[in-house]
Each structure stands twice: as structure tokens, then as C-alpha cells.
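Peer 1: Quick one: sequence plus predicted model below, questions after.
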Amino acid sequence: RLALWAFYGLDNTHVPRNHVFFGPWEQTPSRHFLDSYVGFRRRVFLSSSASVHLPAALQNVCYSLFAKMSSRAEMELAVKVQGEKVRSLKEQKADAAQIEDEVAKLLQLKAQLGTDDGKSKFVLKTPKGTRDYNPKQMAIREKVFNIIINCFKRHGAETIDTPVFELKETLTGKYGEDSKLIYDLKDQGGELLSLRYDLTVPFARYLAMNKIKAIKRYHIAKVYRRDNPAMTKGRYREFYQCDFDIAGEYDPMLPDAECLRIIYEILVELQIGEFLIKVNDRRILDGMFAVCGVPDEKFRAICSSVDKLDKTPWEDVKMEMVGEKGLAPETADLIGQYVQLNGGIEFIDRLQNDPLLSQNKVAVEALGEMKLLFEYLTLLGATDKVNFDLSLARGLDYYTGVICEAVLLQNPNEIQPQQKDQSEESVGVGSVAGGGRYDGLVGMFDPKGRKVPCVGVSIGIERIFSIMEQKAENSAEKIRTTETQVLVASAQKKLLNERMKLVTELWNSGIKAELMYRKNPKLLNQLQYCEENGIPLVAIIGEQELKDGVVKLRVVATREEVDIPRGSLVEEIKKRTNHS
């Protein structure tokens with residue numbers, strides 16, 4: 001109202017009668033007048049010719065009011081435009097990651113807009129590239145973790161842990177072009193820190209710092225990447241890695257073969273579909289680049305381009321090599337003849353006799369070791385899922401020898417109808433494990449440059465989890481979110497004390513047991529609770545059971561009931577739930 005007064009530059013006797021200041025502000029013509037006037041606020045308050053008879057302090061208040069109204073109008077327009085953009089993308093069935101980005105921008109604009117009373121609106125959401133997990137999802141996740149950990153332990157690994165952040169210089173220069181994805185932290189008092197990008201570089205730092213020359217270890221922990229997330233493909237900014245590594249001097253290809261066998265065992269046990277483990281050797285790649293005419297200084301850059309062949313057609317990769325990285329077209333064509341080849345042990349024989357590759361000493365040595373690897377894999381029973389593929393490059397700079405990557409081979413008949421137009425966004429497509437040999441990484445941290453040969457694999461837990469979650473949604477099978485073996489129930493009132501005594505006896509004996517948090521629950525409600533939560537047994541006590549010294553044990557699935565002597569109840573529950 002002061003703003004309207006200031007606009008006229010007169011005292012309130014000259015304000016038109018239809019702009020009187022009585023009644024709710026929203027119902028007066030003044031509100032609508034001011035809304036249309038916002039664009040002229042600068043003329044009123046900043047022009048020397050403006051005639052305003054208010055004190056300077058009140059003029060500032062009025063200017064602030066107009067500025068706020070203008071800002072809100074602009075923000076409302078931005079929200080409207082962004083909302084239309086999101087709707088348009090959804091109608092066009094655009095890429096899921098793109099839609100997710102635009103929705104995040106819309107929510108951010110709405111939060112900045114706030115509410116009509118001027119208060120900032122707080123949007124409840126997880127940060128971009130992260131997610132919450134409900135109890136059912138966590139049950140699936142724990143199952144996957146258990147399978148992986150049991151496999152690691154079966155192969156004799158011990159575990160370690162390292163900080164979630166490292167000194168920035170520890171991570172710098174280890175990831176090639178992916179270094180731009182490292183999360184840097186704000187200086188908190190003299191140390192420049194970054195969130196860990198993977199578990200391999202911290203492991204190498206750990207070995208060098210503690211002067212460890214040999215260890216077989218596994219490590220399961222969260223890592224962070226400032227990547228463009230694609231939630232449907234299991235790609236996040238915060239995610240778990242499950243790593244298994246063997247460090248130490250050993251005979252060629254024995255540790256490498258065991259690492260591939262571990263990938264094989266885990267993927268078979270998880271039952272997520274047909275898979276293929278691709279293998280290659282960075283020395284073979286380097287030898288191939290050398291005989292094709294790639295300059296030494298461009299090896300890593302060209303290797304990074306080759307690494308995109310699993311997602312990008314050869315013509316596009318060639319264009320990048322020639323156009324962006326300055327490679328001669330005839331050299332790129334020669335590389336193209338090699339990187340589109342793959343096969344088994346007979347393919348290795350063919351490459352050993354290749355007129356070009358046979359001229360490179362490093363490549364010849366690596367091909368001999370690759371043949372040895374396949375011989376070991378035959379003995380370990382894993383060659384039916386392993387393929388030697390020259391297009392496999394893995395862009396990380398620290399790999400020095402064998403590299404591997406496991407991919408799922410989705411059966412088109414298993415794709416759901418709504419998935420058929422989503423290409424790679426379909427759950428079940430892509431890499432689910434990878435790794436390789438990195439003999440020089442530890443030496444980069446050792447003051448004297450002492451090397452510790454290492455080889456390891458990392459299981460892509462998030463992508464595997466996305467697949468298993470989708471399978472669970474498509475299945476009618478109910479997922480249990482607890483491990484409760486028995487519910488202690490009562491058939492009559494005033495037996496809370498007896499229920500608490502019995503459940504305590506069961507807890508003391510290691511039985512997973514519950515009771516309902518009601519003094520006098522109805523028996524029907526207790527039985528229904530068991531059915532809803534998948535609890536297999538009910539231990540029912542009543543006045544007669546207390547007199548006879550027994551407990552009525554009910555099997556929820558079959559409704560079978562049997563009286564069990566109280567002293568034998570623990571053993572009976574263990575026997576019926578296969579609990580040792």
C-alpha cells in the first residue's frame with residue numbers, strides 16, 4: 001500500500017477512490033495495479049524526475065517490495081517454462097536421464113520460488129545421483145552382498161577399510177580422462193581432499209604406506225563420481241564397489257585366472273542371466289597401436305577412444321580419433337581391422353602368426369601369456385564364458401596387463417514390453433564387473449618407487465542390484481524383510497508377563513523372535529501379523545499351556561499345531577527353520 005502511495009508521488013488525498021486501503025489486499029484493485037506496474041519500478045524510484053514525497057527509508061521499503069514482486073513473477077514464469085519442458089520430454093519418451101535432470105531443475109526452481117507468504121520452500125528429495133533403499137530393496141541388497149562376500153572368503157581373502165576421502169594428490173593423475181569426475185572437497189584447514197573415486201587407488205596407497213608386499217584382500221564400500229547418473233541403468237554418483245585384489249610377486253597368470261574365476265562364480269550364483277567375460281591385455285593394445293602407426297604420446301588417448309566401442313559404433317569412434325585426437329585416417333582404419341576381432345584360444349594362435357603383431361616384442365610376449373591364461377581357465381572350468389576381445393580397452397590409466405569386463409547378454413524374449421523402446425536403458429544390459437592388472441600403481445606412492453604387482457576385479461553391485469530388483473518386481477514371490485523365526489503369542493488376556501518371559505528365553509538361546517507391542521492382543525491379529533511379515537512359526541501360550549508346561553507351536557503356512565514341552569521348544573524351532 002505504501003508502494004501505491006509512493007507511485008502517485010502525492011499525499012493520500014489524491015489517491016483515486018477505487019484504490020482505498022480497506023479490506024483484504026488480494027481483493028483490492030491496488031493489488032492488480034501493482035502487479036502490472038512491477039516493470040516500471042526503476043522509473044519511479046531511480047528517475048530524477050520522479051515526484052515522490054515519501055521519506056527515503058519508506059522509498060527503500062517500496063523499492064524492495066517492487067523488486068521482490070518482479071523477482072517472483074520472473075521465477076513463476078521460469079517454473080512454468082520448465083514444467084512445460086518436462087511434460088514435453090515425457091510425451092516424446094525422451095532419455096530417462098535427461099528427464100531426470102530436467103525434473104531436478106524444476107524442483108530446484110520451485111524451491112527457490114518459495115510459498116506465497118515469502119517463505120522458502122524446502123523440497124524433500126535425495127541429491128541427484130543418489131537414492132534411498134526401502135526394507136524390501138535392502139533385503140535383496142543383503143542377499144547379493146552375502147553371495148559376493150562368501151565367494152571372496154571362499155578364495156581366502158581378508159578385508160580392509162580405508163577413509164571415504166583421500167588427499168587430492170593421491171587421486172590426481174590416476175584415472176586419465178575420468179579424473180574430471182572426482183569430487184573435490186572444500187578446504188577444511190590446510191588439506192586439499194577429494195572423495196574416493198574407486199577402491200583400487202586407496203588400496204595401492206595403503207600397500208605403499210604400510211610397506212605390504214603381499215596380500216589377498218576384498219573391500220566393499222561406497223565411492224563417488226561426479227558423473228551424469230542414469231538410475232535405470234544402475235549408474236549413480238554414490239554407489240558401492242565390491243573389490244577383490246591379489247598383491248604380490250607370483251608366477252604369470254595364476255592370480256589373473258583366479259580373479260576371472262571369481263567373476264564367473266559370482267555371476268553364476270546370482271542367476272541374473274547369460275553373461276560373457278571379455279579379456280584383453282594392455283600390452284597387446286599398445287603393441288597393436290605401435291604396429292598400426294600410432295605415436296607413443298597418443299597411446300592413452302586412442303585407448304580411451306577404443307574403450308567406447310561397447311557403446312559407440314566404430315565410425316563414430318574413428319571420427320573421434322581422427323577429428324579430435326589428430327590420428328591419421330589410414331592408421332585409424334588399420335586399428336579398426338583389429339579391434340573388431342574376438343575369439344577363443346584359436347584366435348590367440350591366429351594373432352601370434354599375424355604379420356604385423358608378430359613384429360612387436362611386447363605384444364608377442366603378452367599373447368603367449370594370454371594363451372597360458374586360457375589354459376588355466378580351462379582347468380578352472382570357466383572358458384565357456386570367456387572371450388578374448390581386442391575392442392576391450394578400459395580407460396583407466398593404471399592398467400598394465402590383463403584387463404577384463406563382464407557383460408550381460410540379455411535374451412530379447414525376456415525384455416518387458418515397456419522396455420523395448422528404451423535401448424540401453426533397459427534393465428539387464430551392460431557391464432556388471434571389470435578389472436585388470438596394475439603392476440605400477442603402488443610404485444607411484446612408494447618414495448623409492450618399489451613396485452608391488454597387483455591384479456583385481458570389481459563387481460558392479462548397483463547394476464546387479466537394479467537387475468535383481470526388477471526381477472523381484474516381475475515375480476510373485478514375496479520378499480521377507482526380517483529374519484524372525486517365531487512370534488510369541490497369547491490366546492487369552494493378561495498374559496503379557498508370560499509372553500515377555502518366553503521371548504527372553506528364546507532370545508537368550510539365539511532364536512530370532514518377536515512379540516506384539518500390545519498388552520492384550522487378539523490372537524487373530526497376531527496370526528495375521530505373521531502372515532503379512534512371512535514369520536513361519538507362532539509360539540502360543542495360554543492358561544492351559546502354562547499349567548501343562550508346554551507351548552503350542554503353530555506352522556503359519558499349513559496351520560498345523562503341536563504341543564511342545566517348554567524345554568524342547570528351542571530345538572524344535574531350530575529344526576523347523578533349518579537354524580543351526
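Peer 2: Yep, it's here. Just so you know, these numbers come straight off a predicted model, no measurement behind them. Numbers count the residues shown, from 1 in each chain.
Peer 1: where are the low-confidence patches of the stretch 1-150 of the chain?
Peer 2: 1-70, 114-121 (pLDDT under 70).
Peer 1: now do the chain
Peer 2: Checking the chain against pLDDT under 70 turns up 1-70, 114-121, 231-234, 395, 410-429, 579-580.
Peer 1: at 50 what do you get?
Peer 2: 1-2, 4-53, 411-428, 580 (pLDDT under 50).
Peer 1: buried ones in stretch 150-167?
Peer 2: By neighbour count with 16 or more other Cβ atoms under 10 Å, stretch 150-167 contains the buried residues 151-152, 157, 160, 165-166. No exception for glycine: its C-beta is placed from N, CA and C like everyone else's.
Peer 1: what does stretch 98-105 give?
Peer 2: 99-104.
Peer 1: export the buried residues of stretch 150-167 to TSV and tack on secondary structure and distance to residue 298?
Peer 2: Shown next, in TSV, are those (DSSP: H, G, I helix; E, B strand; the rest coil; distance: Cβ to Cβ, whole Å):
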residue	secondary structure	distance to residue 298
151	helix	39
152	helix	38
157	coil	38
160	coil	37
165	strand	33
166	strand	30
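Peer 1: so which of those comes closest to residue 238?
Peer 2: Nearest to residue 238 among the buried residues of stretch 150-167: residue 165, at 13.0 Å, using Cβ to Cβ.
Peer 1: which SS state does residue 405 fall under?
Peer 2: strand (DSSP: H, G, I helix; E, B strand; the rest coil).
Peer 1: again with residue 187
Peer 2: Per three-state DSSP, residue 187 ends up coil.
Peer 1: How much space separates it from residue 435?
Peer 2: 34 Å (Cβ to Cβ, to the nearest Å).
Peer 1: With residue 460 instead?
Peer 2: Taking Cβ to Cβ, one finds residue 460 at 11 Å from residue 435.
Peer 1: higher neighbour count, the two?
Peer 2: residue 435 (26 against 22; other Cβ atoms under 10 Å).
Peer 1: how about the nearest residue to that one, chain neighbours excluded?
Peer 2: residue 457 (3.4 Å; Cβ to Cβ, 6 or more residues apart in numbering).
Peer 1: Ramachandran coordinates for that neighbour?
Peer 2: In terms of degrees, to the nearest 10, the main-chain angles of residue 457 are phi -140, psi 150.
Peer 1: How about residue 358?
Peer 2: Dihedral angles (degrees, to the nearest 10) for residue 358: phi -70, psi -10.
Peer 1: For it, give me its contacts.
Peer 2: 352, 364 (Cβ atoms under 8 Å, 6 or more residues apart in numbering).
Peer 1: what's the burial count for residue 346?
Peer 2: 9.
Peer 1: ok, now which ones touch it?
Peer 2: No contacts exist for residue 346 under Cβ under 8 Å, 6+ apart.
Peer 1: Equivalent analysis for residue 465, please.
Peer 2: Contacts of residue 465 were listed using Cβ under 8 Å, 6+ apart, and they are 137, 140-141, 144, 234.
Peer 1: could I get those residues as CSV with neighbour count?
Peer 2: Compiled in CSV, these are given as follows (neighbours: other Cβ atoms under 10 Å):
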residue, neighbour count
137, 17
140, 18
141, 18
144, 22
234, 22
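Peer 1: Between these, which sits nearest residue 477?
Peer 2: residue 140 (11.3 Å).
Peer 1: ok, the closest one touching residue 466?
Peer 2: No: counting by Cβ atoms under 8 Å, residue 140 does not reach residue 466; the two are 10.1 Å apart.
Peer 1: buried residues in stretch 458-478?
Peer 2: 458-471.
Peer 1: Give the helix, strand or coil label for residue 104.
Peer 2: Strictly by three-state DSSP, residue 104 counts as helix.
Peer 1: So it is in contact with residue 127, correct?
Peer 2: No: at 9.2 Å, residue 104 does not count as touching residue 127 under the criterion of Cβ under 8 Å.
Peer 1: would you turn the contacts of residue 465 into TSV with distance to residue 277?
Peer 2: Formatted as TSV, the contacts of residue 465 follow (distance: Cβ to Cβ, whole Å):
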residue	distance to residue 277
137	27
140	24
141	24
144	19
234	19
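Peer 1: check which helix or strand covers residue 123.
Peer 2: Assigned by DSSP states H and E, residue 123 belongs to neither a helix nor a strand.
Peer 1: How about it, nearest residue that isn't a chain neighbour?
Peer 2: residue 111 (4.5 Å).
Peer 1: Repeat that for residue 454.
Peer 2: Looking at residue 454 with Cβ to Cβ, 6+ apart, the closest residue is residue 247, at 4.5 Å.
Peer 1: Going along the chain, name the strands of the stretch 301-450 of the chain.
Peer 2: Using DSSP state E, counting those that start in this stretch, the strands of the stretch 301-450 of the chain run over 342-343, 386-389, 402-408, 430-437.
Peer 1: now could you export just the CA positions of the second one as CSV?
Peer 2: Spelled out, that is strand 386-389. Output in CSV follows, covering the C-alpha atoms of strand 386-389 (Å, rounded to 0.1, in the frame of the first residue of the first chain):
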residue,chain,number,x,y,z
VAL,A,386,35.4,-66.1,-21.5
ASN,A,387,36.1,-64.3,-24.8
PHE,A,388,39.4,-62.6,-26.0
ASP,A,389,38.2,-59.3,-27.4
